[in-house]
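Asks: Output the structure for:
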Amino acid sequence: MLKHQETNVLSWIGAVLSHGIITLLAIGIAFTLPVAAQYILYQWWPRVETDSHLLLTTETVVASMLVVLFNLAKVSWDNRRFVGSARVASLVHARSNESWLSRWRSASLFRRLPAARDAYVMTVTGYDTFIDRRSLFRAPLATACEIRVMLLNPASDGARRRIDSLPGKNATAQTFAREIEASIGYLGALRKAGKKVTLRFYNHPPFWKLVVLGDHVWVQYCHAGCEIRRSPEYVFAMHRRHPRRGLFVPFFMYFLEKWSEAHHPEFDFDTRQLVYRDREGRELKRLPFVNPLERANAAEDVRRAA
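Replies: Numbering: from 1, shown residues only. The predicted structure follows:
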């Protein structure tokens, strides 16, 4: 709450300073206009009348300035339309690459966000979100009270199809399973730290990567044959005055619908089992969590023993 109040105060001070600067500039321009007009009429223009080269130069400069002004007006008008469309969609940030400028803008967005009580994550392995040192989600997740996560089951057909579609030699079942294990370890550490962590697995090929923190959602499309970190990232915020406006609610509802589907088993951190429940939450059965990495390590141990 205090952080949110500090952010509001800083934004209010910034708005006051910007309005003050604009007012001073307007006053300065208003006072310099008569002086500039007198100089042009009584000093500059008599010189231009008697010098053809100076006249040609003046015409060229004025024409260039008019072209620049008209182009700026057109760009401003187009940007106004784009800003209006982004406001309707509640798009507050977009990133298409990993440049330092885009990461700086993303970090500035995280600094302005208030602390989120709940966090919802739907991704593939979770490595880019939980393990990567460059991830900006690690700090907000460390302060959240409840965390719900959905990862792709490494032993499912969807995982195999996902791995087969990725280029490069690093896209292997062992690498995929290793990233899953690292995410499980990270979530287990948060759970031991007192966080309420719930992990579920889905089996179908991934379609969206979603991270919901408070009233903001980060969205990336999981292209087949493309790593998630190379996909453009879009951030949508909930419209306070018009909650039905924008794309925050549809993406948040998409996560909740997938989360509530009964065929997604829940991971038991203590027994490393997958717990299947019905729609009322009653436990139906338990199955061991099969990770291809464990199977590969067991096969390697058998080979060495032989």
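Asks: Run a quick neighbour tally on the residue nearest to residue 215 when sequence neighbours are not counted.
Replies: Nearest in space to residue 215, with sequence neighbours left out and distances taken as C-beta to C-beta, 6 or more residues apart in numbering, is residue 238 at 3.9 Å. Using the backbone N, CA and C atoms, a C-beta is placed for each residue, glycine as well. Here the count is done by other C-beta atoms under 10 Å, and residue 238 has 18 residues near it.
Asks: and residue 238, how far is that from residue 267?
Replies: 29 Å (C-beta to C-beta, to the nearest Å).
Asks: So for stretch 230-240, first residue to last residue, what's the gap.
Replies: 31 Å (C-alpha to C-alpha, to the nearest Å).
Asks: that's a strand at residue 284, yeah?
Replies: Yes - secondary structure assignment (DSSP: H, G, I helix; E, B strand; the rest coil) places residue 284 inside a strand.
Asks: Do I have it right that it meets residue 265?
Replies: No - Residue 284 is beyond contact range of residue 265, at 9.6 Å (criterion: C-beta atoms under 8 Å).
Asks: Quickly list what's touching both of these two.
Replies: Common neighbours of residue 284 and residue 265 (criterion: C-beta atoms under 8 Å, 6 or more residues apart in numbering): residue 276.
Asks: Can you show me the helices along the chain?
Replies: Secondary structure of the chain (DSSP state H): helices at 2-39, 45-50, 52-89, 100-112, 138-143, 157-165, 173-192, 248-260, 292-305.
Asks: Which of those comes out lowest on mean pLDDT?
Replies: Comparing mean pLDDT across the helices of the chain, the weakest is helix 292-305, with a mean of 53.
Asks: list the contacts for the closest residue to residue 171 other than its chain neighbours?
Replies: Using C-beta to C-beta, 6+ apart and skipping the chain neighbours, the partner closest in space to residue 171 is residue 163 (5.5 Å). By C-beta under 8 Å, 6+ apart, the contact list for residue 163 reads 171-173, 176.
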